[in-house]
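Trainee: Generate a structure from the sequence data that follows.
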Amino acid sequence: MSKILVVDDSRLVLQAVKETLGSHELTLTENPLEVPHLIRERHPDLVLIDLNMPTMRGDVVARIIRKAFGNDIIVLLHTEVPAEANALLEGCGANGVIAKSPDEAALRDAVSAYLQPAARASVA
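Mentor: Numbers count the residues shown, from 1 in each chain. Alright, predicted model coming up:
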């Protein structure tokens, strides 16, 4: 079972992700400032970050993760505007973008693809 840390300021989004990805070991937080502590404590395989949060933008959180933890963790930006996130990918060190959508299967498939051994090997 993969460990996934989900960071989003919306409780509704966190609940939807929890229902969709419940087969994984999930850690959910609304507070991006908790991310470094939660990574040290939980050792997630993947961090799914909302791009647009009031406390700290997701691309900033991704940069902090890369600086503190290197490439051991897959980092994905989760956003309503994938084009905006795609423009930030290279600069923030995230591995990719997943669009927020009511399509639960699309989220499950995208997360599963990033957690495949081949994808994990390309991160290390």
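
Trainee: what separates the residue nearest in space to the middle of the chain from Val81, distance-wise?
Mentor: Centre of the chain computed as the mean C-alpha position; nearest residue by C-alpha atoms, centre = their mean is Leu48, 1.1 Å away. Taken as C-beta to C-beta, to the nearest Å, the spacing of Leu48 relative to Val81 amounts to 16 Å. All C-beta atoms are positioned from the backbone trio N, CA, C, and that covers glycine.

Trainee: Also Ala68?
Mentor: Where Val81 is concerned, Ala68 sits at a distance of 27 Å (C-beta to C-beta).

Trainee: same question, Gly91
Mentor: From Gly91 over to Val81 the distance is 16 Å, taken as C-beta to C-beta.

Trainee: So the two - more neighbours on which side?
Mentor: Neighbour totals were compared for Gly91 and Val81, and Val81 leads with 13 against 10 (other C-beta atoms under 10 Å).

Trainee: close enough to count as contact, that one and Leu51?
Mentor: Yes: counting by C-beta atoms under 8 Å, Leu51 is a contact partner of Val81 at 7.5 Å.

Trainee: Which residue ranges of the protein form helices?
Mentor: Per DSSP state H, the chain carries helices over the ranges 11-20, 35-42, 58-69, 82-92, 104-115, 117-123.

Trainee: ok, for Asp50, nearest residue in space, not its chain neighbours?
Mentor: Of all residues beyond its chain neighbours, the one nearest Asp50 is Asp8 (4.0 Å), with distances taken as C-beta to C-beta, 6 or more residues apart in numbering.
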